[in-house]
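Following is a predicted model, sequence given first.
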Amino acid sequence: MKVLKNSITKIITFSLIIGLILAFLFIIKGLLLQLLGAALLFGALALVVAGVTIFNIYLNHNISNTTASKQIQVTNDSLKEENKELKKQLSEVRSSAQEQQKRDYLNTVNQFIDVSYHREKDGFEDRKKTAKSIMDKELYEQFYPSEKFVYGDSYTSIPNDVQLYVQQYDGGQEEVEVIAEFTNHLVIKDENVDDQTHDIIKVSLRKEENKWMVYSIEELKTEIMK
């Protein structure tokens with residue numbers, strides 16, 4: 001009886017130990033699974049973070065390149081516009097300078113017609129002074145051969161309706177030619193002359209010391225108007 005009791009006690013003790021061992025193994029298994037799951041989870045998270053980081057780097061790189069390209073394009077467009085505006089301003093300045101030169105030599109031609117075809121006693125000395133400043137010496141002496149010449153009261157010649165025709169002028173020429181067309185009212189009292197003439201002349205100018213001077217004249221047409 002006592003032996004049977006001892007056997008039962010041993011069986012129960014062994015069963016308890018086995019149970020404890022199994023329980024311990026299950027706990028160890030659970031811990032291992034938890035640790036393995038955490039490692040897998042950590043690894044997965046690490047991969048996700050790495051992927052997102054790489055994607056962000058790629059995206060930022062593309063955005064930077066795109067932004068830089070757009071900035072370069074904007075800069076180029078801006079420079080093109082500035083260059084276009086500068087060319088426009090330069091063209092306007094050149095045109096303005098050419099127009100000023102044109103006005104200058106046309107004004108000289110108008111003065112020349114006045115001092116060479118306007119002949120009368122009144123204002124003679126002033127016209128002679130102007131003629132000396134806009135004609136070369138040889139031409140001046142053709143129109144004013146004597147410094148002591150005195151106009152009488154019987155002769156007058158006054159040009160009217162002056163029209164000027166100019167050659168193409170690009171601003172670089174030192175010589176130009178102008179065709180002048182005008183009517184001239186000629187009166188000679190002593191000879192009872194009172195006529196209107198139609199005159200066409202070619203006036204040649206050259207630039208001397210930044211000033212236009214008349215150096216030649218060619219009479220193309222002179223006829224009495226009926």
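Thanks, I have it.

low pLDDT regions in this structure?
The model of the chain has pLDDT under 70 over residues 1-53, 55-56, 58-71, 74, 79, 81-95, 147-152, 169, 171, 226.

what ranges do the helices span in it?
2-117, 124-134, 137-143 (DSSP state H).

how about D195, what does it touch?
D195 sits next to H185, L186, I224, M225 when contact means CB atoms under 8 Å, 6 or more residues apart in numbering. (C-beta placed from N, C-alpha, C; glycine too.)

shouldn't the second one be in contact with D199?
This points to L186. No. L186 lies out of contact with D199 (CB atoms under 8 Å); the separation is 10.3 Å.

still on that earlier bit, among the contacts of D195, which are in strands?
Those of the contacts of D195 mapping onto strands are H185, L186, I224, M225, per DSSP state E.

Next, count neighbours for the third one.
So the one you mean is I224. Number of residues near I224 (other CB atoms under 10 Å) recorded here: 10.

Show the contacting residues for it.
With CB under 8 Å, 6+ apart, I224 has these contacts: D195, Q196, T197, H198.

Swap in 6 Å and give it another go.
By CB atoms under 6 Å, 6 or more residues apart in numbering, I224 lies in contact with D195, T197.

Tell me the bridge partners for the closest residue to T197 other than its chain neighbours.
Counting by CB to CB, 6 or more residues apart in numbering, N184 is the residue found nearest to T197 once chain neighbours are left out, at 4.6 Å. Bridge pairing for N184 (DSSP bridges) gives the partners P159, T197.

And the contacts of D195, which of them are buried?
Neighbour counting by 16 or more other CB atoms under 10 Å classes L186 among the contacts of D195 as buried.

Can you add distance to R103 and give the contacts of D195 back as JSON lines?
Putting these into JSON lines (distance: CB to CB, whole Å) gives the following:
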{"residue": "H185", "distance to R103": "27"}
{"residue": "L186", "distance to R103": "30"}
{"residue": "I224", "distance to R103": "33"}
{"residue": "M225", "distance to R103": "30"}
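
Of all pairs in the contacts of D195, which one is the farthest apart?
Pairwise distances among the contacts of D195 were taken by CB to CB; the largest, 11.5 Å, belongs to H185 and I224.

Tell me how many other residues crowd E99.
E99: 12 neighbours (other CB under 10 Å).

Okay then, goodbye and thanks.
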